[in-house]
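Undergrad: Show me how the following folds:
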Amino acid sequence: MNIFVLLKRTFDTEEKISIANGVINEDGAEFIINPYDEYAVEEAIQIRDDHGGEVTVLTVGNEDAEKQLRTALAMGADKAVLINIEDDVEYSDQYTTAKIIAEYLKDKEVDLIIAGNVAIDNASGQVGPRVADLLDIPYITTITNLTIDGKNVSVVRDVEGDEEKIETTLPLLVTAQQGLNDPRYPSLPGIMKAKKKPLATLELDDLDLEEEDVEAKTKTIEIYLPQQKQAGKLLTGEIEEQVKELVSLLHTEAKVI
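TA: Numbering: from 1, shown residues only. Coordinates of the predicted model:
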């Protein structure tokens, strides 16, 4: 079974984000595998161990993402592919990423593609479904259970606190939700083996793509942090006095009445 995992390099969840001139300052920041993608890597490894085959982790970005790919290899993936667009694409979005991934996968023998439900930085959840659409294969999002029997697949997906059961067939793309599994930590032997596992680096030219072929469909104007909330006020005194003060504050300060 040929399994591909879509992986993204994101800020560490413990990282304090700083913004300067409308852009995120990445100097000195720590980066990790997007946490939802860790569920995808773990699920792919378990499926390969049960059914045989090969797990390939794939990312679009720059050479810095090699560290996260090596981490996935240390977890147990078989090989990795980095599509480096740093020198070819000035600005990218979810369409750009999906177009590049689909172009890479279009001539591959794909049985299963697993992506994270969302990335913790932009949280759009678009890349996986866009890839499936470009490849013309079915997809199911936010899965919490996956069972494969030959070409038949049974899936349980999270639907806002409830669950939905779906039957489908391979090839298929799914996106991993929290609760699908417990991702393993890379072991020392796994880390040592990862250094010898293949990691291919490609550029747009290798996919016969030009920058205009993957031109972003959206543009981020500015990034900013939410305004700090002011401390709340505690009203004291008799109920009638509190009501009068509350009404006055809603009118003069909150300006909602």
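Undergrad: per the record, what domains does the chain have?
TA: 2-214, 230-257 (automatic domain parsing).
Undergrad: Of all these, which one is nearest residue 224?
TA: Among the domains of the chain, the nearest to residue 224 by Cβ to Cβ is domain 2-214 (6.3 Å). All C-beta atoms are positioned from the backbone trio N, CA, C, and that covers glycine.
Undergrad: which helices and strands sit right next to the strand or helix carrying residue 57?
TA: Under the criterion of DSSP states H and E, residue 57 resides in strand 54-61. Strand 54-61 sits against strand 2-6, helix 35-51, helix 66-75, strand 79-84, helix 94-105, with contacts defined as 3 or more Cβ pairs under 8 Å, 6 or more residues apart in numbering; DSSP states H and E.
Undergrad: Redo these as CSV? Include mean neighbour count and mean pLDDT.
TA: Compiled in CSV, the helices and strands packed on strand 54-61 are given as follows (neighbours: other Cβ atoms under 10 Å; pLDDT from 0 to 100):
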stretch, mean neighbour count, mean pLDDT
strand 2-6, 24, 98
helix 35-51, 21, 98
helix 66-75, 22, 98
strand 79-84, 22, 98
helix 94-105, 21, 97
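Undergrad: Out of the ones you listed, which is closest to residue 137?
TA: Judging the helices and strands packed on strand 54-61 by Cβ to Cβ, what sits closest to residue 137 is helix 94-105, at 9.7 Å.
Undergrad: how far is the closest one from where the chain is centred?
TA: 14 Å (Cα atoms, centre = their mean, to the nearest Å).
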